[in-house]
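Novice: Structure for this input, please:
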Amino acid sequence: MANYTAADIKALRESTGAGMMDVKRALDEADGDHGKATEILRVKGLKGVTKREGRSATNGLVAAQAGDGVGTMVEINCETDFVAKGDRFIALAGRVLAQAVTVGASSADELLASDIGGTTVKEMLDEANATIGEKIEVRRVARLEASHVVSYLHKTSPDLPAQIGVLVATDGGDEVTARDIAMHVAAFSPSVLSRDEIDADTVANERRLAEATAKEEGKPAAAMPKIIEGRVNGFFKENVLLEQPFAKDAKKTVAKVLEESGATAKAFVRFRVGS
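Specialist: Residues are numbered from 1 along each chain as shown. You can find the predicted model right below:
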């Protein structure tokens with residue numbers, strides 16, 4: 001019988017992030033030697049990296065850093081929430097975010113190809129993939145610059161790391177207002193900053209649907225134009241950040257709150273893990 005204890009299993013799981021059965025098998029093969037077992041997990045894991053490429057990684061976390069007019073945000077995915085809330089995965093995400101900030105990355109491809117201590121971020125993730133035993137990937141990266149850039153991270157579950165992350169870039173105003181807007185974005189999930197960013201075909205389709213619905217409801221022809229415009233404006237209020245009722249004061253739009261603080265919104269980015 002291999003010479004190891006339950007404490008050894010726990011220690012190896014914490015240091016590698018590998019699954020229970022993988023840890024036990026590695027300790028059996030290494031006759032309880034922690035260092036050898038770690039190496040076994042790594043070697044066997046690297047052999048399985050290619051096999052895991054086709055697997056779905058829909059758990060994970062969002063990490064962000066903002067200050068001095070620059071904000072960076074990354075979404076890093078894994079396969080299970082067990083790994084997502086583990087110290088090893090969270091520490092790995094911290095390294096990836098720090099690297100994104102250092103190299104000024106604005107895309108996942110740029111970040112993955114960057115050098116980090118003589119290796120690439122992609123190779124570093126493959127190493128983690130090997131020891132943890134799950135597919136791990138950088139799904140997306142965002143970078144914003146403006147007078148003020150703030151970040152906001154939101155936990156959708158108390159036992160998981162942040163699943164929603166937001167960056168908001170503003171000129172003028174103050175960071176308090178910008179952060180309030182970021183919290184609003186996290187809660188209300190607008191798709192664009194202004195209605196100019198919604199293509200004409202989408203607006204035309206919404207207008208067509210509004211007209212068809214009004215006719216189906218038997219609305220009078222004389223009232224039809226006003227009803228259609230009202231419903232199209234409702235679509236804008238749902239999707240356009242500047243036209244949404246502000247989370248902290250629904251009597252004001254987000255645009256009005258920005259105007260009162262002397263700020264202009266330049267851009268925002270919202271990530272939700274797996275969506």
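
Novice: Distance check, residue 115 against residue 121.
Specialist: As for residue 115, its distance to residue 121 is 8 Å (criterion: CB to CB, to the nearest Å). For glycine as for every other residue, the C-beta is placed from the backbone atoms N, C-alpha and C.

Novice: more neighbours, the two?
Specialist: The neighbour comparison of residue 115 against residue 121 (other CB atoms under 10 Å) goes to residue 121, with 22 against 11.

Novice: Going by secondary structure, the residue lying closest to the more buried one once chain neighbours are set aside is in what exactly?
Specialist: In space, and not counting its chain neighbours, residue 121 is closest to residue 112: 5.0 Å by CB to CB, 6 or more residues apart in numbering. Using DSSP states H and E, residue 112 sits in helix 108-113.

Novice: Might you list the low-confidence residue ranges for this protein?
Specialist: 1-2, 17-19, 44-56 (pLDDT under 70).

Novice: Domain ranges for it, per the record?
Specialist: 6-47, 59-167+267-272 (automatic domain parsing).

Novice: Report the buried residues of the helix holding residue 112.
Specialist: Using 16 or more other CB atoms under 10 Å as the test for burial, helix 108-113 gives 108, 111, 112.

Novice: Give the closest residue to the second one in space, chain neighbours not counted.
Specialist: Pointing back at residue 111 there. Here the residue nearest residue 111, using CB to CB, 6+ apart, is residue 105, at 3.9 Å.

Novice: Distance check, that neighbour against residue 69.
Specialist: Relative to residue 69, residue 105 is positioned 17 Å away (CB to CB).

Novice: can you map out the helices along the stretch 1-150 of the chain?
Specialist: Under the criterion DSSP state H, counting those that start in this stretch, the stretch 1-150 of the chain carries helices at the ranges 6-16, 20-29, 34-47, 49-52, 81-84, 87-103, 108-113, 121-132.

Novice: Quick one: closest of those to residue 255.
Specialist: Of all the helices of the stretch 1-150 of the chain, helix 87-103 sits nearest to residue 255, with 30.5 Å by CB to CB.

Novice: Provide the contact partners of the closest one at residue level.
Specialist: Outside helix 87-103, the residues that touch it by CB atoms under 8 Å, 6 or more residues apart in numbering are 14-17, 60-61, 63-65, 72, 74, 76, 78, 83, 105, 110-111, 114, 116, 121, 124-125, 128, 132, 136, 138, 141, 143, 161.

Novice: From those residues, keep the buried residues only.
Specialist: Looks like the contacts of helix 87-103 have 15-17, 60-61, 63-65, 72, 74, 76, 78, 83, 105, 111, 114, 116, 121, 124-125, 128, 132, 136, 138, 141, 143, 161 buried, using 16+ other CB under 10 Å.
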